[in-house]
Each structure stands twice: as structure tokens, then as C-alpha cells.
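Participant: Next input, structure requested:
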Amino acid sequence: MQSDINEQQAREELAACFRWAARWNMHEAVANHFSYVISADPCVFLVNPAGSYFSRVKASDLITVEAGNSAELDRADVDPTAYAIHSAIHLRVPHARCILHVHPKYATALSCLKDRTMPPIDQNTMRFYQRVHIDESFGGMGMGDEAERLAETLSDKSILLMGSHGVASMGQTPARALDDLYYYERSCETLITALSSGRELDPVSHEVAETTAGQWDDFLAGGSDRQHLDQLLAILDEEEPDYRN
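Facilitator: The predicted structure follows:
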């Protein structure tokens, strides 16, 4: 799996993630934010500037921000919530080189339930079987202490379901983070739709769920996330090539 990409490629792929999040209706006005670490020491990451609409983001629009440097908050182009959450996580969670944070319809609906777990009811939900970190202690909009608390409680999981808030997908590459985000929202849609029927859910056994999750791991190890993103890039190259500008 490709994990080391140069800054221009990172900019283009992150811009593509914004465009597709908008196409999938995972954006929310000019809120929400994506980031990617381009330097480890000091920790510098790309992030969308404050007030940017996902469907218009271009590679050159992304700004560079140094994690842990509070002076960055004096900049007019830095969203304080984006800085707080992404800075805290990038500094503390090694596998979270790319973070995609959104409030999509179905994942956010799940984050509002008393029981926020995802039972293994179909092939997609089994991908995330016991592989989601659920934060149950919402304390505000992700500023200051709240951002630090989120970062400190994270484990090695790739999906953070933020109770009463939304979701963050984290990975070594934009390809992996976007693929996880796409499938997690699809899984949440299936779960919420099944719950809305009023009928009893029929989850598979622990053994079947764990076997299927492992098969997903093997599938991803073969580069399916990269193939997914390459197809999305190809579509944008035909329909919205300005994202690379």
C-alpha cells in the first residue's frame, strides 16, 4: 500500500476527497475539515482554509499549518475548530496521517443514538466489526480541552464515531481514509434504514463477523482503496479537472 506521497500529490488527492465528499452529500455548509501531514518534525499538515466550500476546493487552496503552534490561531484563514481537532490528533496518533472529519447524515444519526455500536448485519457493516472507536463524552465543538481529550482517548482504530457530533476517518493515505469513510457511511445508511423498518435486526455470529472483517483487511491490503481513489480521480479529471490546480 502506498503511504508516502509528495506534497503536490497530497494536495491533489485531498482536493479530490473534498470534491467527492460534496458529491456524496457528506459536506455541511462551509464547516468540516480534512487534513494530511506533510512533515513529521515539526508536524505540519495541509487543511482546508476557513470558509471554503467542499465542491470548490482546489489543490492550491489548501493551507499549511504547524500543529502545536498556537500562533496559527491568529491567522484569518485558519478555522479554530479544524486546527484544534486536527492538531491534537496529528501530534498524538501516528496512524492518523490523513484525517477526514465530516457530519454525514447516517453516521451522525448513529452518533445520536444511545447505542452507537454497529451490529454485523451485512457485509459492509462487518468491515467495521469491533474496529470503531466510539467517543461517548461529547463536551462541545472540539475546541481546546475537548480536542485534547479526543486525541488522548483514541486507539489504533481507523474510524472515530464522535458521539452527538459526527465521524472522523483516519489513515496513512487519503485513499485509505476516503475509502473507510465511504464504506462507513454506507454501513450506517444500511443500519439506520434497517432500524427504521421496526423489525428485529439479524446480526451474524462473532465468528462470521470477525472472519469477514479479516477478509476486508486482506482486500484492502491488495490495494482496493487505491483503486477506488484512482477511479474517482479519473472521473474528476474528465468532469472537474480544476481540482488539481
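Participant: and the longest helix for the protein?
Facilitator: Counting by DSSP state H, the longest helix found in the chain is helix 174-196.
Participant: could you say what helices and strands the next helix or strand after that one packs with?
Facilitator: Going down the chain from helix 174-196, the next helix or strand is helix 206-221, by DSSP states H and E. In this structure, helix 206-221 packs against helix 123-127, with contacts taken as 3 or more CB pairs under 8 Å, 6 or more residues apart in numbering; DSSP states H and E. Where you see a C-beta, it was placed from the backbone N, CA and C, and this is true even at glycine.
Participant: Check which residues of the helix it packs on are buried.
Facilitator: Neighbour-count burial for helix 123-127 flags 124, 125, 126, 127 (criterion: 16 or more other CB atoms under 10 Å).
Participant: how much space is there between the second one and residue 176?
Facilitator: Yep, that's residue 125 we're talking about. 19 Å (CB to CB, to the nearest Å).
Participant: What of residue 43?
Facilitator: Going from residue 43 to residue 176 by CB to CB gives 19 Å.
Participant: out of those two, which sits in the more crowded spot?
Facilitator: residue 176 (25 against 16; other CB atoms under 10 Å).
Participant: Would you agree that one is in contact with residue 223?
Facilitator: No: with contacts counted by CB atoms under 8 Å, residue 176 stays clear of residue 223, the gap being 10.1 Å.
Participant: give me the number of residues near the residue nearest to residue 178 when sequence neighbours are not counted?
Facilitator: Nearest non-adjacent residue to residue 178, counting by CB to CB, 6 or more residues apart in numbering: residue 17, 5.0 Å away. Burial of residue 17 is recorded as 26 neighbouring residues (other CB under 10 Å).
Participant: Using the three-state scheme, assign residue 17.
Facilitator: Classification of residue 17 by DSSP: H, G, I helix; E, B strand; the rest coil places it in helix.
Participant: Please list all residues in contact with it.
Facilitator: 34, 100, 174, 177, 178 (CB atoms under 8 Å, 6 or more residues apart in numbering).
Participant: Swap in 7 Å and give it another go.
Facilitator: Neighbouring residues of residue 17 by CB atoms under 7 Å, 6 or more residues apart in numbering: 34, 100, 174, 178.
Participant: So the third one is in contact with residue 36, correct?
Facilitator: If I follow you right, that is residue 174. Yes: look at residue 174 against residue 36 with CB atoms under 7 Å: they come within range, at 6.3 Å.
Participant: Mutual contacts of the two, please.
Facilitator: Common neighbours of residue 174 and residue 36, using CB under 7 Å, 6+ apart, are 14, 98.
Participant: Let me know the secondary structure of residue 12.
Facilitator: At residue 12 the chain is in helix, as set by three-state DSSP.
Participant: how close does residue 61 sit to residue 72?
Facilitator: Using CB to CB, residue 61 is found at 17 Å from residue 72.
Participant: And the strands in this structure, which stretches?
Facilitator: Taking DSSP state E, the strands of the chain run over residues 33-39, 44-47, 63-66, 98-102, 132-135, 159-162, 166-171.
Participant: Give me the angle between the fourth one and helix 174-196.
Facilitator: For the pair strand 98-102 and helix 174-196, the angle between their directions (axes from the mean of the first three to the mean of the last three CA atoms, to 10 degrees) equals 30 degrees.
Participant: Pull the distance from strand 98-102 to the chain's centre.
Facilitator: Computed by CA atoms, centre = their mean, to the nearest Å, the separation of strand 98-102 from the middle of its chain amounts to 3 Å.
Participant: what do you get for the last one?
Facilitator: Relative to the chain's own centre, strand 166-171 is displaced by 3 Å; criterion: CA atoms, centre = their mean.
Participant: What strands flank that strand, and is each parallel or antiparallel?
Facilitator: Strand 166-171 has the following sheet partners, assigned by DSSP bridges: strand 98-102 (antiparallel), strand 159-162 (antiparallel).
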